[in-house]
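Novice: give me a 3D structure for the following:
(one chain, ligands or ions: 1)
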Amino acid sequence: MTASYPATRLRRTRTAAWSRALHRETVMTSADLIWPLFVIEGKGAEEPVASLPGVSRWSIDGIVARAKEAVELGIPAIALFPNTPDAKRSEDGAEAYNSDNLMCRTIRGVRDAVGGDLGILTDVALDPYTTHGQDGLLDARGYVVNDDTVAVLVDQAVVQAEAGADIVAPSDMMDGRVHAIRMALEMGGHHNVQIMAYSAKFASAFYGPFRDAVGSGDRLKGDKKSYQLDPANGDEAMREIAFDIAEGADSVMVKPGLAYLDVIARARARFDVPIFAYQVSGEYALIEAGVAAGVGEREPLLMEKLIAFKRAGCAGILTYHAPLAARVLNG
Ligand code: PBG
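Specialist: Residues are numbered from 1 along each chain as shown. The predicted structure follows:
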């Protein structure tokens, strides 16, 4: 109940900086951030991603350096994505479950360098490994088949866990994959490897620069609408989240972020599970394009978007701007 004007003047508490600080409802720290990184083969290699100005693909030594930077900045976890050499991509994406693939070697390299000081999150999906850029196996008509894909994703998650991943994050949107991966991890003794499920992952136009970064964009024919969510569907997103929780997800993700804040807020009100938002590549690129176009300064534009995720109810945010945001938050 609020008294009316002038007994209540909502501007009173906004008058001074100390008072605004005292009344601030949402707090964000560098511990709320996860930093996605792209890895390539080689030594001392850095390739800027043209569609993601300021973001590069790094060889394992470069990823290790970024991992150390994350620890120094108080960023608790990194998320790894490989750009698989062309020769190792195939119709069935078998490189995904090669225990010596680029991803697994990167996990081991980071683990050796930073020990247990940093969480390593790995993506479970076939798109960086297939010649067609889809996240799963195709039947003769080009449809992404569910159950056979799940079987392969299980193998992929297990090699990542064996290499030392702390959180496996299935981003494929197959039905039943969280349960299957959880059972395989339990049977393999990986009781404490977490699953962060990309539960509410929408068939979005905002993934373009990511697909460039992992090299799947040019290969992809058609779209991912037979498995990723229709952007019009919030109720269905709640069902996806409920299923993934029931199947054993430790945390869930909404992706992309800003266009789906209502989905985050609904999930927060409904489920007692940590929710993460992925501020995806296209969102990053739009901020950078806005800065280049003179819309405003990078830091305030970025921080306003990040606090929106926290306000909507997120436990944390995956963002390519993580190091900058951490620097801002650490003062
Ligand atoms: C692949 C995957 C995608 C992203 C994360 N994992 C792309 C896609 O589904 O096509 C997108 C991330 C981003 O755009 O930053 N399964």
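Novice: got phi/psi on the nearest residue to Lys221 once chain neighbours are set aside?
Specialist: Take Lys221 and drop its neighbours on the chain: the residue closest to it by CB to CB, 6 or more residues apart in numbering is His132, 6.7 Å away. All C-beta spots, glycine's among them, are computed from the backbone N, C-alpha and C. Per-residue torsions, His132: phi -100, psi -10 (degrees, to the nearest 10).
Novice: and if you look at Val144?
Specialist: phi -80, psi 110.
Novice: repeat for Thr84
Specialist: Per-residue torsions, Thr84: phi -70, psi 130 (degrees, to the nearest 10).
Novice: confirm for me that Ile181 is in contact with Ala151.
Specialist: No: the pair Ile181 / Ala151 is not scored as a contact, 10.7 Å apart, by CB atoms under 8 Å.
Novice: which of the two has more neighbours?
Specialist: Ile181 (28 against 13; other CB atoms under 10 Å).
Novice: flag every buried residue along stretch 221-237.
Specialist: Neighbour-count burial for stretch 221-237, counted by 16 or more other CB atoms under 10 Å, picks out 224, 227-229, 231, 237.
Novice: contacts for it next, please.
Specialist: With contacts defined as CB atoms under 8 Å, 6 or more residues apart in numbering, stretch 221-237 is touched by 132-136, 142-144, 172-174, 199-204, 240, 254, 259-260, 262-263, 266-267.
Novice: repeat the analysis, applying 10 Å as the threshold.
Specialist: Applying CB atoms under 10 Å, 6 or more residues apart in numbering, the contact partners of stretch 221-237 are 125, 127, 132-136, 142-144, 146, 149, 171-175, 198-205, 207, 239-240, 252, 254-256, 259-260, 262-264, 266-267.
Novice: interface residues of the stretch 151-300 of the chain facing the ligand?
Specialist: Listed as neighbours of the ligand in the stretch 151-300 of the chain under the rule CB under 6 Å from any ligand atom: 171-172, 207, 210-211, 224, 280-281.
Novice: quick check: the farthest pair among those residues?
Specialist: Greatest spacing in these, by CB to CB: Asp172 and Ser281 (17.4 Å).
Novice: list the contacts for Gly296?
Specialist: Residues in contact with Gly296 (CB under 10 Å, 6+ apart) are 287, 290, 302, 304.
Novice: nearest spatial neighbour of the third one, skipping sequence neighbours?
Specialist: In other words, Leu302. Nearest to Leu302 is His321, by CB to CB, 6+ apart, at 5.3 Å.
Novice: ok, the one you found touching Ser30?
Specialist: No: His321 is beyond contact range of Ser30, at 11.9 Å (criterion: CB atoms under 10 Å).
Novice: so in this structure, which helix runs the longest?
Specialist: Counting by DSSP state H, the longest helix found in the chain is helix 147-163.
Novice: what helices or strands is that one leaning on?
Specialist: Secondary-structure packing of helix 147-163 (3 or more CB pairs under 10 Å, 6 or more residues apart in numbering; DSSP states H and E): helix 102-114, strand 119-124, strand 167-170, helix 177-187.
Novice: from the chain's centre, how far out does the longest one sit?
Specialist: Relative to the mean C-alpha coordinate of its chain, helix 102-114 is positioned 18 Å out (CA atoms, centre = their mean, to the nearest Å).
Novice: is any part of that helix close to the ligand?
Specialist: No: counting by CB under 6 Å from any ligand atom, no contacts exist between helix 102-114 and the ligand, the nearest distance being 12.7 Å.
Novice: can you check the second one too?
Specialist: Yes: legend: contact between strand 119-124 and the ligand by CB under 6 Å from any ligand atom is shown at Asp123.
Novice: pLDDT averaged over that strand - what is it?
Specialist: Throughout strand 119-124, pLDDT has a mean value of 98.
Novice: repeat for stretch 31-42
Specialist: Averaging pLDDT along stretch 31-42 gives 98.
Novice: in it, what's buried?
Specialist: For stretch 31-42, a neighbour-count test (16+ other CB under 10 Å) marks 32-40 as buried.
Novice: the protein: helices as residue ranges?
Specialist: Assigned by DSSP H, the chain shows helices spanning 17-23, 60-73, 102-114, 147-163, 177-187, 208-214, 234-247, 261-270, 281-292, 298-312, 322-329.
Novice: what average pLDDT does the longest one get?
Specialist: To tie it back to what came earlier, the one meant is helix 147-163. For helix 147-163, mean pLDDT rounds to 98.
Novice: pull out the buried residues from it.
Specialist: Residues of helix 147-163 classed as buried: 149-150, 152-163 (neighbour count, 16+ other CB under 10 Å).
Novice: who are the contact partners of Gly93?
Specialist: So Gly93 contacts 84, 125-137, 149, 152-153, 156 (CB under 10 Å, 6+ apart).
Novice: just the buried subset of those, please.
Specialist: 84, 125-130, 132-137, 149, 152-153, 156.
Novice: neighbours of Leu185, how many?
Specialist: Leu185: 21 neighbours (other CB under 10 Å).
Novice: isn't it up against Val159?
Specialist: No: using CB under 10 Å, Leu185 is not in contact with Val159, being 11.6 Å away.
Novice: around the ligand, pick out the residues from the stretch 1-150 of the chain.
Specialist: Taking CB under 6 Å from any ligand atom, the part of the stretch 1-150 of the chain that reaches the ligand is made up of 123, 125, 127, 135.
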